[in-house]
Each structure stands twice: as C-alpha cells, then as structure tokens.
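Enquirer: This is a predicted model, with the sequence first.
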Amino acid sequence: MNSNLLKEAEIAISETQIILAQARDTDMSSILQLQRAELDLKVKNYSKAKETLEQLLPTLINSKQFYAAAKAQLDLFRVTSITGEYLISKDYLIQSIRLSEKYDFNTLLKDSYLLYSELLKEEEEFEKSITYLERYTVIYNEETTAAQNTASINEFNKLIKENKALTVSNNEKTQKLKGNDASYILLCIFITLLSLLALSLFKNNKLRAKSNQVLEVKNSALIDERDRAKDATKIKTDFLSTITHELRTPMYAVTGLTHLLLEKDPRNDQKEHLETLQSSGEYLLSLIDNILDFNKLEANKVELETIPFDLHKRVNDICSSLKGQATDRNNNLHIHYDDSIPSRLQGDPVKISQILINLIGNAIKFTKDGDIQIRVHKANNRTGKCLINFEIEDNGKGISEEKQTAIFENFTQEGSSTTREYGGTGLGLAIVKNLVTLMGGDIHLKSKVNGGSKFSFEVWFELPDSNKFYDENQHLDISENKRTNPTTTETNINNVLKTPANNTANSSTKMDENKLQKPETAKEGVLNEKQATPTELSNKKILIVEDNKINQMITRKILEGKNFSCEVANNGEEAVQAAKSKKYDLILMDIHMPIKDGKQATIEIRTFDREIPIIALTAVTINESEKEFYQIGFDDIIPKPFKMDEFFEKIQKAFTNYEVL
C-alpha cells in the first residue's frame, strides 16, 4: 500500500476516533478499531493487528455486535495462521463459523467455509472438507445467481424505460402516420426485448456451468484423496492389528516367566529386578492398548453398547484396581457418590471404565503425596433418562494455561520434561476426549500450575425398566450391595463407605489398605454364584490348545503350580480329537494356529459337547472379536498376556457355571 495513503488513512482513523470518543459512541468506536486492525493486517503489521483484535473481541461480543465479532474472529484466524499459531487459529475459525451460522452472516460464511474446507483437506479429513466445500458452493451459487438476476432485472427495467420512450415516440409517429406502422414497431420492440433477455439468461447459465465444472473438479480431487486416505488407514489398521498380535505373543512369555520366577521366592535383589521387568511389561502392554484404541477411534470403528450395569460398582472396581498405583505414590483416593443415582443405568460400561481409568490414572501419575477426589452425581433427569456428572480432581502439579487446549491433542504432553519424568505417549487424554464426544458429552479442564487439575464431563444414560423393580423390592440382594434405603444406602464392598455427593470432602471415602480391597467378582444381578474353594479347584483336568512351545510351557507351569492336571494339543485338529476321546473339565483355546484354528475347533467341539467350558486364550484384539467368539461357542475370553488374578478368576467362574463341583 502507498505510504502516503497509509498515513492519510491512519490520520483519518485517529481523528474519527477522537470524535467518537467525545460523542461516547462506543459501538462505532469498536467498528473503527476493527477497521484499524484490518488495516494493520493488510500492511503485514501482524503483531499489532493480533493485539488489537484480541482486545476488541470480548467488547464486540458483550455489546452484541455479532457481525463485527465474527469478522474479528475470521481476521484472527488469518493472523494466527500467518504467524504459525495453528492450535488457536483453527479455534478462531470454528468460532467465526458458529457465530455466522447462528445469525446467517452469509458473506462471512462463504469465506469461512472455503478456508475451513482447505484446512480440513490439509488435515486429511476429506469427508468434512467436501461437506464445507459444498456449503461454500451453495452460498456462492446463491450470491452469483442473485447478482446476475439483479443485473438482468436492471437491464430489463432499462429496456422497459427505453421501450416506454420508444412507445411515446411511436405514438407520436403513429398519430402522424395514422396508425399504419404501429403494430410492426411494437412487434420489433417485443422481439428485441426477448432477444436481450434470452442472451442474459444464456450468459448467466454459462457462468454457472463454468463454476459448477470447477467445483466438480475440486470435489473429484477431494474424493480421490479421501479414497486414498481410506486405503492408507485400512492398511495402517491391519498393520497395527497384526503387529500388536505379534508383540503380545512374546510379551506373554516375558510376563509369564516373570510371574513364575516371582513365585519361586527369589532373593531380595532378584525380586527387585523381576518386579521392574514385570512393571516394564505392563507398561508396554498399556502402550499397545492405547495405540490400538487410538487407531480404532481414528478409523471410526468404535461403536457404543447399550446394556444395563451398576455404575456405583463400576466406579468402586476401577478405584480398587488402581489402588496399588495410588499407594506407590502415597496418594489417597476419595469417592463421592450421589445416593440419588438409580441402582441400574443403561449405557456402555466399558467406555465409561476406559474414560475413568485414564483420568484417575493420570491424576495418580501426576500427583505425589496427595489426594484425588472422584465425584459422581446426578445433574439432571428426564423421563427414562439420567444425566450423570463425573469429576476427577487432584492436587498435583497442574497444567499451564497455554497447554490446556493442546493437552487433548494426539501425542501431546505438557512438555518434553513431562515425557522424560512420567513417560507415556500423550494418547490417553486424546482417547478420553474422543470417547466422551462419542457418548454425546464434552470434557472440561480447570487447572493451574502446582495447584492441581480438575477434569469433568457429563453423559446421559437411559434408565432400564428394571430400575423400579430393584429399588422398590428391598429384600433383593443386588450384587454386593444390599439396599435398605435408596437415598442413604452404604456400599458394602469390603467396607468401602458410600459418600453422598453433597457431603464435604472430610466425610469422603479414604481408600487405604484397610478400607479398600479388590471387590468380589459375583455377577451383577439378583442371584449370587457359588464360589469354588482352592481344594475343589485342584486336580481338575485342563486341555491347553496352543501351537507356540514357549506359551505351552508357561501356561502349563502356571496351572500345575495350582495343582491342575494339564494336557497339551498343538493345534485345533488335535484339540477336537482329544475332546472326543477324553473327558476334560476345561479347554483353554488359542485362536491363530496351523492346520485348524481355534474358532473352527470350537465350532466342531460344540457339535458333540455343548457343556464343557471353553475359554479363548488369545492375543487377538478382543473388542473387535468378542461378539463373534461368544456366538461361536466360547464361554469367556482371556487376552494374552493376562493378569494372574483375572486368569484364575475366570477359570474359577467357568468351573462354577459348569457345576462340576
């Protein structure tokens, strides 16, 4: 821009600013500041433009100048994109789009949609990119058509005026010529008008066709890129599924042998090394699981279940499983559970568990010698639905304000020092955010450095028809909890007290060694199962179906250490023949084997033996195959590498259900 013109513009703006200040016209003063910022943006004075826009934006919103606010947000997107602040630039663009959509600012929406489409294309979100490009096209066509129609109408009006003038002239001539040529002249004028109108419409259609052709080319290119991205995603998904299976198989050897060595009463120095090895193995498994979960979320392969479950028991079980980690860092876990929450909710308990395990696990990891509050209370209810609010609060190291938005991005942690000190991939919170969004909620964070962090989210749950039955029939034994008063019930899970959500923190449940142990594993429901004793479990005959020699040895030694009698089949075909010729109390079946895999072997065994418990002992991804396994005829699934408590718990459950005792 010419420097003289720039100086003149700045002088004019300054003088106008003084006049508006004297007149106390704050609205016009804000508009003038916006024009000043856009002038700075045009002359590439980005820092000054950004400073002005950031200071101006709250004023515009508070004074309800929403068009100017949306324009300021769009300008902030342009500035921050140029200065490389990509994390906040996208937020400004999304805010501008939302505000413009709310108040139908089509002029701003046209530019915003096109910019957002290009941004999504760079991020390889091709389907969303196409959607916003189509929205841009609609507004573009509407504006183009409106402009062309206006031009055509103006041209037509001009012709009408000329026609009137010609008509007057013709009338005069007609009077002179006594009407001899009047009809001929009018016909010529009419034909001329029609020709001009047809020409205008032809030009209009030609411009539209050209515009549509350009957009079709862009759409076609985006669709091709989307298809290529889908193919690449599928290849990546298949690769991760295969490689994680291959990682889990040797990890089973590492964790299994470590367990066997720890059982042999090693020396203190050996025990320390073995426990370190065991901890490293568990960390690697956690890393593999996080990568798999992230991959499934990214590929939109995660589906929500809707089944009845006991939320209170679920929260207690999660805290129980994390108690050891909390104790290692000298942290106390406190549960505040709202008594008014119905005993049974309907939703996806696995996803809720995954969210809570990540959030509570993070709180434990980043807190030392502190307290972690887990609050669950009813926020709202409608007919057949209940809104539950979850809060996880700690008094640990906290998160700096500038990192609080980025912390939910993939592979993001607060800094390299955090990664070095605490480890991890930065996927946990990204998975949490995606799962909460999938369940229709939003996750919120309040934190300050050295002041702790509080994560909160709300999720709607449906109420199953059985709620009334459970709450009104007080004599029924619901899992581990015996409800005698729905509003003041205490949870008797190994002496863990249930604290109403509106009580103070001082009355919360402190989860220490004496008050919290692992809950019993009886089924949730009216009837409890008979639990087998160690004596009853000994000498049971188990068939181990496994092609890997190392895995055969490890599984066999673990079971024989508990006095089980074991035999081994090297593949599915041998397993079928063994099951036909001998009587077993349980079959542990691997899935991927030569000659005949575990699925086919189970199908064949079920044709002649419907009773024997068959448990899938496999390294495949469980979530993707669980339904198929149960349909085939498996009674349960144990993922490899397994935790010993879970392994023997499921074996005991299988014997109990089979009623062999």
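Expert: That came in fine, so what should we check first?

Enquirer: From here on, just use CA atoms for contacts and neighbour counts.
Expert: OK.

Enquirer: Now the terminal residues of stretch 628-643, how far apart.
Expert: By C-alpha to C-alpha, to the nearest Å, the extent of stretch 628-643 from end to end equals 23 Å.

Enquirer: ok, and for that stretch, which residues are buried?
Expert: Within stretch 628-643, the residues that count as buried by 16 or more other C-alpha atoms under 10 Å are 629, 633-642.

Enquirer: quick one: contacts of that stretch?
Expert: 248-249, 251-252, 255-256, 599, 602-603, 606, 613-620, 622, 626, 647, 650, 654 (C-alpha atoms under 8 Å, 6 or more residues apart in numbering).

Enquirer: Apply 6 Å and report the result again.
Expert: Stretch 628-643 is contacted from outside by 252, 613-619, using C-alpha atoms under 6 Å, 6 or more residues apart in numbering.

Enquirer: spatially speaking, which residue is in the middle of the chain?
Expert: N434 (0.8 Å; C-alpha atoms, centre = their mean).

Enquirer: Assumed that one was part of a strand.
Expert: No. Assigned with DSSP: H, G, I helix; E, B strand; the rest coil, N434 falls outside any strand and is helix.

Enquirer: 5 is where my numbering starts, stick with that
Expert: Shifting the count to begin at 5 puts that one at N438.

Enquirer: can you pull the pLDDT of I189?
Expert: I189 is assigned 66 on the pLDDT scale.

Enquirer: got it, and the one 4 residues further on?
Expert: Looking at I193, its pLDDT is 75.

Enquirer: any idea which element it lies in?
Expert: Using DSSP states H and E, I193 sits in helix 186-267.

Enquirer: before we move on, what about H448?
Expert: Short version, using DSSP H and E: H448 is in strand 447-451.

Enquirer: Which positions within that strand qualify as buried?
Expert: Within strand 447-451, the residues that count as buried by 16+ other C-alpha under 10 Å are 447, 449, 451.

Enquirer: tell me the domain ranges of the chain?
Expert: Domain segmentation of the chain under automatic domain parsing yields 245-302, 311-515, 538-662.

Enquirer: Please render the ones you listed as a markdown table that adds distance to L123 to the earlier fields.
Expert: A markdown table is the format used below for these (distance: least, C-alpha to C-alpha, whole Å):
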| stretch | distance to L123 |
| --- | --- |
| domain 245-302 | 18 |
| domain 311-515 | 17 |
| domain 538-662 | 32 |
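
Enquirer: can you tell which of those is closest to N49?
Expert: Of all those, domain 311-515 sits nearest to N49, with 23.8 Å by C-alpha to C-alpha.

Enquirer: pLDDT added to the buried residues of strand 447-451, as a markdown table?
Expert: Listed next are the buried residues of strand 447-451 as a markdown table, based on pLDDT from 0 to 100:
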| residue | pLDDT |
| --- | --- |
| I447 | 90 |
| L449 | 90 |
| S451 | 88 |
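
Enquirer: Go through those and name the one nearest E42.
Expert: L449 (33.4 Å).

Enquirer: Skipping adjacent residues, who's closest to that closest one in space?
Expert: Using C-alpha to C-alpha, 6 or more residues apart in numbering and skipping residues adjacent in sequence, the residue nearest L449 is F459, 4.7 Å away.

Enquirer: How about the secondary structure of the one you found?
Expert: Under three-state DSSP, F459 comes out as strand.

Enquirer: got it, and P312?
Expert: On the basis of three-state DSSP, P312 is classed as strand.

Enquirer: Got the phi and psi for the nearest residue to it once chain neighbours are set aside?
Expert: Nearest non-adjacent residue to P312, counting by C-alpha to C-alpha, 6+ apart: Q350, 4.2 Å away. Here the main-chain torsion angles of Q350 (degrees, to the nearest 10) amount to phi -120, psi 120.

Enquirer: Which residue ranges of the stretch 305-454 of the chain form helices?
Expert: All helices of the stretch 305-454 of the chain, identified by DSSP state H, counting those that start in this stretch, fall at 315-332, 353-369, 420-426, 432-442.

Enquirer: wait, which of those is closest to V572?
Expert: Proximity to V572, assessed across these by C-alpha to C-alpha, is greatest for helix 315-332 (32.6 Å).

Enquirer: quick one: that closest one to chain centroid distance?
Expert: Computed by C-alpha atoms, centre = their mean, to the nearest Å, the separation of helix 315-332 from the middle of its chain amounts to 23 Å.

Enquirer: Buried residues in it, which are they?
Expert: Across helix 315-332, burial judged by 16+ other C-alpha under 10 Å covers 315-324, 326-327, 330-331.

Enquirer: try stretch 201-220
Expert: The neighbour-count check on stretch 201-220 (16+ other C-alpha under 10 Å) flags 201, 204, 208 as buried.

Enquirer: same deal with stretch 349-358?
Expert: Neighbour counts over stretch 349-358 (16+ other C-alpha under 10 Å) mark 349-353, 355-358 as buried.

Enquirer: Please apply the same query to stretch 130-150.
Expert: For stretch 130-150, a neighbour-count test (16+ other C-alpha under 10 Å) marks 130-131, 133-134, 136-141, 143-144, 148-149 as buried.

Enquirer: And for that stretch, what's in contact with it?
Expert: For stretch 130-150, contacts defined as C-alpha under 6 Å, 6+ apart pick out 114, 117-118, 121, 124-125, 230.

Enquirer: Closest one of those residues to T196?
Expert: Within the contacts of stretch 130-150, proximity to T196 (C-alpha to C-alpha) peaks at K114, which comes in at 37.4 Å.

Enquirer: quick one, strands of the stretch 355-504 of the chain?
Expert: Assigned by DSSP state E, counting those that start in this stretch, the stretch 355-504 of the chain shows strands spanning 375-386, 389-398, 447-451, 457-466, 481-482, 485-486.
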